[in-house]
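K.L.:
sequence and computational prediction follow.
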Amino acid sequence: MKCALVTGGSRGIGRAICIKLAQELGYHVLINFQHNEDAAKVTLAGIEATGGTGTILKFDVADHAAVTNALSQWESSHPEAVIEVIVNNAGIAKDGLFMWMSSEDWSSVINTTVNGFYHVTQFFIQKLLRQRYGRIINIISVSGVKGTPGQTNYSAAKAALLGATKALAQEVAKRNITVNAVAPGFIHSDMTANMDEKELKKLIPANRFGEPEEVADLVSFLASPKAGYITGEVININGGVYS
């Protein structure tokens with residue numbers, strides 16, 4: 001059974017990626033979530049509606065012990081499973097001006113994005129190397145590429161993941177493992193629901209927000225055998241928003 005793991009797979013971009021990986025590439029999808037089990041069940045229903053299969057896994061990517069325990073238990077009960085694709089999508093935003101930013105708002109955003117990437121990817125990396133195949137895709141953000149005021153913590157976390165993507169890609173390329181980052185701009189999701197879309201559209205050359213399915217299409221391509229010669233890349237999907 002060939003599998004793909006998507007962290008933060010219960011809603012928005014993560015949900016769209018889960019459904020697309022099952023639908024287009026035939027993966028059994030592990031849907032990670034932390035809080036909203038009902039939303040994760042909706043994602044699973046979306047996968048099953050297209051004829052695919054999936055499993056819901058609850059753990060906090062920022063908690064090393066929780067990640068290790070959940071994934072170890074799943075592996076031990078599914079010895080025939082082979083993880084081929086890891087999508088590090090889990091992330092949180094706690095926006096505010098840096099001069100008023102609390103230590104907790106800084107640390108929690110860094111821990112979820114950066115340490116979450118480490119905990120999940122490190123758990124599987126030796127297995128990917130032994131099987132000589134893998135696709136690691138890190139969801140960053142336009143904020144990690146150009147920086148966004150009011151998001152110093154979020155920009156720092158996503159920029160760190162950008163650097164990790166480029167470094168790890170060089171370490172594992174000889175074993176047919178690619179590591180790439182996808183940097184969405186303004187995408188319709190819970191994270192952008194409270195933004196002033198009418199005003200922000202003026203900043204976007206394409207004059208609209210993107211859809212989660214458009215990001216999922218890109219991730220699905222990078223997760224496929226067709227993308228075997230693309231690694232260490234950051235691919236922007238932002239409607240033309242550049243600094």
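P.N.:
Great, that's in hand. Not measured: the values here are computed from a predicted model. Numbers count the residues shown, from 1 in each chain.
K.L.:
by mean pLDDT, which helix or strand of the chain comes out lowest?
P.N.:
When each helix and strand of the chain is scored by mean pLDDT, DSSP states H and E, helix 197-200 comes last, with a mean of 78.
K.L.:
then that helix to PDB, C-alphas only?
P.N.:
Below are the C-alpha coordinates for helix 197-200, written out as PDB (Å, rounded to 0.1, in the frame of the first residue of the first chain):
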ATOM      1  CA  GLU A 197     -10.400  40.600  -0.300                       C
ATOM      2  CA  LYS A 198     -11.700  43.600  -2.300                       C
ATOM      3  CA  GLU A 199      -8.700  45.700  -1.300                       C
ATOM      4  CA  LEU A 200      -6.100  43.000  -1.500                       C
END
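K.L.:
residues touching that helix, excluding its own?
P.N.:
With contacts defined as CB atoms under 8 Å, 6 or more residues apart in numbering, helix 197-200 is touched by 186, 209. Any C-beta I mention is one placed from the backbone N, CA and C, and that applies to glycine too.
K.L.:
now the top helix by length along the chain, how far from the chain's geometric center?
P.N.:
For the chain, the helix that runs over the most residues, judged by DSSP state H, is helix 152-172. Here helix 152-172 is found 12 Å from its chain centre; the criterion is CA atoms, centre = their mean, to the nearest Å.
K.L.:
can you give me the buried ones in that helix?
P.N.:
152-162, 164-165, 168-169, 172 (16 or more other CB atoms under 10 Å).
K.L.:
which among these gets closest to residue 38?
P.N.:
Checking the buried residues of helix 152-172 against residue 38 by CB to CB gives residue 154 as the nearest, at 26.0 Å.
K.L.:
need the contact list for that closest one.
P.N.:
For residue 154, the contact set (CB under 8 Å, 6+ apart) comprises 91, 93, 94, 95, 109, 113, 141, 143, 144, 148.
K.L.:
again with residue 201
P.N.:
Per CB under 8 Å, 6+ apart, neighbours of residue 201: 207, 208, 209.
K.L.:
now do the residue nearest the centre of the chain against residue 113, distance only.
P.N.:
The centroid of the chain falls nearest to residue 89 when counting by CA atoms, centre = their mean (1.8 Å). The gap separating residue 89 from residue 113 is 10 Å, by CB to CB, to the nearest Å.
K.L.:
same check on residue 178?
P.N.:
Applying CB to CB, the value for residue 178 to residue 113 is 20 Å.
K.L.:
looking at these two, which one has more neighbours?
P.N.:
Ranked by neighbour count (other CB atoms under 10 Å), residue 178 and residue 113 place residue 113 first, with 30 against 21.
K.L.:
which parts of whichever strand or helix holds residue 74 are buried?
P.N.:
Assigned by DSSP states H and E, residue 74 belongs to helix 64-77. Neighbour counts over helix 64-77 (16+ other CB under 10 Å) mark 64, 67, 70, 71, 74 as buried.
K.L.:
residues in contact with the spatially closest residue to residue 64 that is not a sequence neighbour?
P.N.:
Leaving out its chain neighbours, the residue that sits closest to residue 64 by CB to CB, 6 or more residues apart in numbering is residue 119, at 5.0 Å. Residue 119 sits next to 61, 62, 63, 64, 67, 68 when contact means CB under 8 Å, 6+ apart.
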